[in-house]
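Engineer: Show me the folded form of this:
(chains A and B)
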Amino acid sequence: MSTAAPVYDPAAIEPVWQARWDAAGLHEVRDDVPRDKCYYVLEMFPYPSGKLHMGHVRNYSIGDAVARYKRMRGFQVLHPMGWDSFGLPAEQAAIERGAHPKAWTYENIAHMRGQLQRMGFSYAWSREFACSDPGYAAREQDIVLDLVERGLVYRKSSLVNWSTGLNCVLANEQVVDGKCWRTGTPVIQKELPQWCLRITSYAEELLKGLDQLQGGWPDAVLAQQRNWLGRSEGAEIDFAVDGHPEVTLTVFTTRPDTLFGVTFVSIAPEHAALDRIVPASHRAQVEAFKAEVRATSAQERMGDTAEKKGCPTGAFVINPATGAKVPLYAANFVVADYGTGVVMAVPAHDDRDHAFAVKYGLPVIEVIRPAAGEAKPVAEAAYTDPGVMTGSAQFDGVASEEAKGAITAWLESMKKGRKVVTWRLRDWGISRQRYWGNPIPFTYSDTLGIAPVRKQDLPVALPMDVAIDGKGNPLERHPTWAVTANDGSPLTVKGPTGPEPARRETDTMDTFMESSWYFARFTCHDNRRDDLGCAAPLDRARVDHWLPVDLYVGGIEHAVLHLLYARFFTKALSDLGYTGVREPFKRLLCQGMVCMETLYREGSDGKKQYFYPDEVEVERDAKGRVVSAVAKSDGQPVLVGRVEKMSKSKRNTVDPQALVDLYGADTCRLFVLSNVPPELDVVWSEDGVKGSHRFLKRVWVLAQEQRDRLLAVPAFAGHVRELSGADQAVGRKIHATVKRCTDALEKDFAFNTAIAACMELSNELDPAALSPAVLRAGIETLIRLLGPMVPHLAEELWAAYGHAEGLNAAGWPSYDAEQIAADEADYPVQIQGKVRAKISLPRTLTGPALEAAVLGHPDVVAALAGKPVKKAIIVPGKIVNLVV
RNA sequence: GCCCGAGUGGCGGAAUGGCAGACGCAGCGGAUUCAAAAUCCGUCGCCCUCUAAAGGCGUGUGGGUUCGACUCCCUCCUCGGGCACCA
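Structural biologist: Sure, this is the predicted structure:
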């Protein structure tokens, strides 16, 4: 026993195991195993921004622990990784430091791949690809052409959200509070031709599909998607325009029951019919109003702070129900592309209409009364609840909810209205005036006009010789690219009379396109060409084998954007025949953010100046509360701000690389899985990391110090009844711990409680108190349970205990529920709900025998102090509650 | 305004309707050390109490269901997130 046990040196063991796994191809996966023995776990792939941050580490540690756990359970696990590598920062880097986007991107990828490998994540690296790889981008162009054939791609000129910061179009969901989601710069409305994907034709299925995802997806995400789709049932009602028999204005309303109470109609200022029906007397006024609205930024126009303004158009429309002539107002709050862009106004039963009517002196007509009791007079406030119809001719007396259908049917019979469903969801504009993206494969020519590139002429590849200076689209300004074919000859298309010169579309695709199908491509990343000689984006057999993804792990910030597009794409790909799967992600786990305390000073201008943690000295009291914080540089006080998501701008970041260098990958992985369930935010703390490290060191030292003597005995594998004393207790604990870890991982991926269970077990592994066989069983079980989370340490120790085959071969330990509970059950005895005694009785006792034993127990008799027991609730093995 | 979530020690959190606070962090006491780091042992909800025993109070608020509620139901409060001139 003279040789000292090896010290825990992660830097020495971790790279060795990484190299071994790699050499053995341990994380590559076969496609020919029955599906029920397969598991597809995927983490949202990163944008290659340069280096890994703690958010990545948390995301990927969760996914990797699941992947390794499932492998230990005998599954073939597909666990791929790739790069969401098109996008703006590459161009930003080009502008700022002259790096070519491609070079910058692929250098970042190389560095980050190295970091992922150093973390020991078990990816099937052979399947890796980047979205900017010619192979992937080209396959995506194929898909676009397929979508064109199915009528899912169209071009329309429309007002788009234009980011003044990025000089680029944004999707609705990229506009946050009227500002660009990336740069925070104002977003203005600009008229531009756009390529659009008809996601709205899948609206109904996208909504219905959410029901099936219930239970597998977080409720918050389902709710957000429902919200976003915004299904609204109502009616379209046609209003004739007075003096203009050729024009009909159709309104959309969810309250057809209030039709008899319409006192005016509002129309979006941009509405196409407006110019035709405004009389000369009002033209100037309306034009001025339109100009005013147009000048209002999207930011001001949205939100409830904006003033509701209207302008009489001089035109009148006719209520199809009553024949009443009511004024038409142009109103700034009517949205042109929701519903029909025309709204019937019922001041008596709608708050906004009421306010508008008061402001412009318009009449209020009551058509619904409360079913019981009295409401405020409608002149004072709108009554918006259901009630009983009044002032509505033949519908009087009917419940308003019923009248909705009745009035719609009546209108339908007169061909003046119809039941309709509208959606908040808009089609997906995919055009971006950017270089570092996938070109949209279309051409323009004189006689053919706009035409898709023929499949055999794909791919449309990005040119490398571009000038990127932030002044417009580099593709548009490239001297030859747009008019040159792949072979270098002038670009032509087949016109009716022969080849004619053509020009390429210079817009590239929204990068959400790439992330909408990469999970499918991972199943067949090498699929090349089909019989027609055309590139086939997907191999249906393999896609259907692996999809849907069993577990998808990523941030909640993608709740609507990416996850809705990916669902849409999957349905579209299915309709194209590329897969039979219609929902891509069976289970979704949204991990919380990695947060940290902020430290700052507030300048006189209210601007915060942030400090890095190592620039500040923080003093705490006995309870751990902050007493004071001062900057090391000047000794002046610093404010301790709230805990916020780690970000460079707030200087509250920790570089995972530094952690790995100091503590090793296993400590880093363990920390981000500890203490908190994966879906909650985790607050980074140096002490917490040290705690994780301490635990691993303890396990290491215990296992290594005991190794030599334990190798002489086999691990205990019998029934705990054969044991006694501490051995038996620990024997039971081993079974209990395996059960707890198994349940935690199977049910909720609750790594925090699994780790807690492992710590409890390790706390009980006392070499002085246990027989070698039981100690060995405890240590070896612990090693296996920790395997998915801290694989390097676990493999190293597993090997040290003489197992040549590795943890996957060893498998996940099993437990026997029967061996967990002790023969004697401890019963807390409650009297009137308060615990007054604790007694121990054989677990085999039940029924009347148990009751007799309880009531006869001296401690119970003493606690009762002679009071008669009115009722005794005795739950076998659990608890006793006596009512006196 | 509408739709989701969440409120438990100093902190993060744990708990199929059955002993609230597992596990970790911080704190406190001690061992080791010349000293520190590291490590180890003990202790650790609050109140009352010299200490202890024994009590009492405790899962945001108020009520309800139940032998028994952190857990289920209703009310309100606070915080977080999402949506919103959407007709």
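Engineer: Remind me which helix or strand the nearest residue to residue A:218 once chain neighbours are set aside belongs to.
Structural biologist: Sequence neighbours aside, residue A:590 is the residue nearest to residue A:218 in space, at 5.5 Å (criterion: CB to CB, 6 or more residues apart in numbering). Placement of C-beta: from N, CA and C, glycine included. Under the criterion of DSSP states H and E, residue A:590 resides in strand A:588-591.
Engineer: close to RNA strand B, is that strand?
Structural biologist: No: Strand A:588-591 is not in contact with RNA strand B by CB under 7 Å from any atom of the strand; minimum separation 10.3 Å.
Engineer: residues touching the nearest residue to residue A:445 once chain neighbours are set aside, list them.
Structural biologist: Residue nearest to residue A:445 in three dimensions, not counting chain neighbours: residue A:502, with 4.0 Å by CB to CB, 6+ apart. The contact partners of residue A:502, by CB atoms under 8 Å, 6 or more residues apart in numbering, come to A:443-445, A:448, A:451, A:483, A:491-493.
Engineer: Could you rank those by neighbour count and give me the top one?
Structural biologist: residue A:443 (23 neighbours; other CB atoms under 10 Å).
Engineer: Could you list the residues in contact with the helix or strand harbouring it?
Structural biologist: Per DSSP H and E: residue A:443 is located in strand A:442-445. Outside strand A:442-445, the residues that touch it by CB under 8 Å, 6+ apart are A:195, A:450-453, A:491, A:493, A:495, A:500-505.
Engineer: could you point out which element follows it?
Structural biologist: Next helix or strand after strand A:442-445 toward the C-terminus (DSSP H and E): strand A:449-452.
Engineer: So which bits of that following strand are buried?
Structural biologist: Using 16 or more other CB atoms under 10 Å as the test for burial, strand A:449-452 gives A:451-452.
Engineer: helices or strands up against that strand?
Structural biologist: For strand A:449-452, the packing partners by 3 or more CB pairs under 8 Å, 6 or more residues apart in numbering; DSSP states H and E come out as helix A:134-149, strand A:442-445.
Engineer: could the ones you listed be laid out in TSV, adding distance to residue A:59 and mean pLDDT?
Structural biologist: Shown next, in TSV, are the helices and strands packed on strand A:449-452 (distance: least, CB to CB, whole Å; pLDDT from 0 to 100):
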stretch	distance to residue A:59	mean pLDDT
helix A:134-149	22	94
strand A:442-445	36	94
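Engineer: Quick one: closest of those to RNA strand B.
Structural biologist: helix A:134-149 (25.6 Å; CB to the nearest atom of the strand).
Engineer: I'd like to know which elements that closest one is packed against.
Structural biologist: So helix A:134-149, by 3+ CB pairs under 8 Å, 6+ apart, packs with strand A:449-452, helix A:518-521.
Engineer: Swap in 10 Å and give it another go.
Structural biologist: Contacts defined by 3 or more CB pairs under 10 Å, 6 or more residues apart in numbering; DSSP states H and E place helix A:134-149 against strand A:153-163, strand A:187-197, strand A:442-445, strand A:449-452, strand A:508-509, helix A:518-521, helix A:561-575.
Engineer: Out of these, which gets nearest to residue A:724?
Structural biologist: helix A:518-521 (53.7 Å; CB to CB).
Engineer: right, and the helix or strand after the closest one?
Structural biologist: Going down the chain from helix A:518-521, the next helix or strand is helix A:540-546, by DSSP H and E.
Engineer: which residues are contacting that following helix?
Structural biologist: A:29, A:31-35, A:38-40, A:42, A:76, A:78, A:80, A:517, A:519-527, A:537-539, A:570, A:573-574, A:577-581 (CB atoms under 10 Å, 6 or more residues apart in numbering).
Engineer: next one: stretch A:397-405
Structural biologist: Taking CB under 10 Å, 6+ apart as the rule, stretch A:397-405 contacts A:233-235, A:253-260, A:349, A:367-369, A:371, A:385-390, A:392, A:395-396, A:406-407, A:410, A:419.
Engineer: For the stretch 351-500 of chain A, just list every one of the helices.
Structural biologist: Along the stretch 351-500 of chain A, the segments classed as helices by DSSP state H, counting those that start in this stretch run A:351-360, A:400-413, A:474-477.
Engineer: taking the contacts of stretch A:397-405 one by one, which sit in strands?
Structural biologist: A:233-235, A:253, A:368-369, A:388-389, A:419 (DSSP state E).
Engineer: Between those residues, which sits nearest residue A:692?
Structural biologist: Distance to residue A:692, by CB to CB, is smallest for residue A:233 among those, at 52.7 Å.
Engineer: which residues touch that closest one?
Structural biologist: Here residue A:233 is in contact with A:254, A:404, A:419-422 (criterion: CB under 10 Å, 6+ apart).
Engineer: ok, now with 8 Å
Structural biologist: Taking CB under 8 Å, 6+ apart as the test, what residue A:233 contacts is A:254, A:419-421.
Engineer: Counting residues, which helix of chain A comes out longest?
Structural biologist: The residue-count maximum for a helix in chain A (DSSP state H) belongs to helix A:686-710.
Engineer: Which of the helices of the stretch 351-500 of chain A sits closest to RNA strand B?
Structural biologist: Closest among those, using CB to the nearest atom of the strand: helix A:351-360, at 5.9 Å.
Engineer: Quick one: check the closest one for contact with RNA strand B.
Structural biologist: Yes: Helix A:351-360 reaches RNA strand B (CB under 7 Å from any atom of the strand) through residue A:352.
Engineer: can you check stretch A:189-200 too?
Structural biologist: No: counting by CB under 7 Å from any atom of the strand, RNA strand B has no neighbours in stretch A:189-200; the shortest distance is 12.5 Å.
Engineer: Just the CA coordinates for that stretch, please, in PDB.
Structural biologist: Below are the C-alpha coordinates for stretch A:189-200, written out as PDB (Å, rounded to 0.1, in the frame of the first residue of the first chain):
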ATOM      1  CA  GLN A 189     -42.500  50.400 -43.300                       C
ATOM      2  CA  LYS A 190     -41.200  50.100 -46.800                       C
ATOM      3  CA  GLU A 191     -42.700  48.900 -50.000                       C
ATOM      4  CA  LEU A 192     -40.600  46.000 -51.500                       C
ATOM      5  CA  PRO A 193     -41.100  42.900 -53.600                       C
ATOM      6  CA  GLN A 194     -40.900  39.900 -51.400                       C
ATOM      7  CA  TRP A 195     -40.600  36.200 -51.800                       C
ATOM      8  CA  CYS A 196     -43.200  34.600 -49.500                       C
ATOM      9  CA  LEU A 197     -43.900  31.100 -48.300                       C
ATOM     10  CA  ARG A 198     -47.500  30.200 -47.900                       C
ATOM     11  CA  ILE A 199     -47.300  29.100 -44.200                       C
ATOM     12  CA  THR A 200     -50.900  30.300 -43.800                       C
END
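Engineer: can you tell me the average pLDDT over that stretch?
Structural biologist: What stretch A:189-200 shows for mean pLDDT is 86.
Engineer: try stretch A:508-521
Structural biologist: Mean per-residue pLDDT for stretch A:508-521: 95.
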